[in-house]
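Engineer: Have a look; sequence and predicted model below, questions after that.
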Amino acid sequence: MRAAVTFFVRYPIWANSIILVIGIFGVISYTLGLKKSFFPERTPQNITVSVVYPGASPEEVEEGVTVKIEEAIKGIVGIDEVTSVSSENSASISIKTLEGYDLEEVTTEVKNAVDRINSFPLNAEPPIVFKERSTSIAMFMGV
């Protein structure tokens, strides 16, 4: 390390040359239009089915809504994992899709499968099927 410092003190033109070369490469890479974004873009992969069932206990929501939706979407191609939560007055089913499958197509198939269910309880509101927006952590810092 001492030899490198001695070399650059003795020949300062080389240190200036290295800084100039780094600057030139930086300007070239900036002008070539490298993709840059404030937050990295990530394609969403999740679909959520939400159903409101006012006045129902979690057991009633599970039996009347959640199980029926899970059975309806069971055979759809492109689904990786299904996670459901039945709570008081509502059910939420999260569907994770596989990489390489068109999210629009899988969402349409899920919506059609859910719309075919005609045995929901009378008080249950119509199911809402939507794609989740992509959110990702830009930076994580631990101390």
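Structural biologist: Cool, the structure landed.

Engineer: What's the separation between the nearest residue to Gly78 once chain neighbours are set aside and Ser87?
Structural biologist: Nearest non-adjacent residue to Gly78, counting by Cβ to Cβ, 6 or more residues apart in numbering: Tyr101, 3.5 Å away. In this view, the C-beta of every residue, glycine as well, is placed from N, C-alpha and C. Counting by Cβ to Cβ, to the nearest Å, the gap between Tyr101 and Ser87 amounts to 29 Å.

Engineer: again with Met1
Structural biologist: 62 Å.

Engineer: How about Lys131?
Structural biologist: Using Cβ to Cβ, Lys131 is found at 22 Å from Ser87.

Engineer: Show me which of those two is the more surrounded one.
Structural biologist: Lys131 (17 against 13; other Cβ atoms under 10 Å).

Engineer: Is the residue nearest to Gly78 in a helix, a strand, or coil?
Structural biologist: coil (DSSP: H, G, I helix; E, B strand; the rest coil).

Engineer: What about it, how many residues nearby?
Structural biologist: Counted with other Cβ under 10 Å, Tyr101 comes out at 16.

Engineer: can you map out the strands along this structure?
Structural biologist: For the chain, the strands defined by DSSP state E occupy 46-52, 79-87, 90-97, 128-131.
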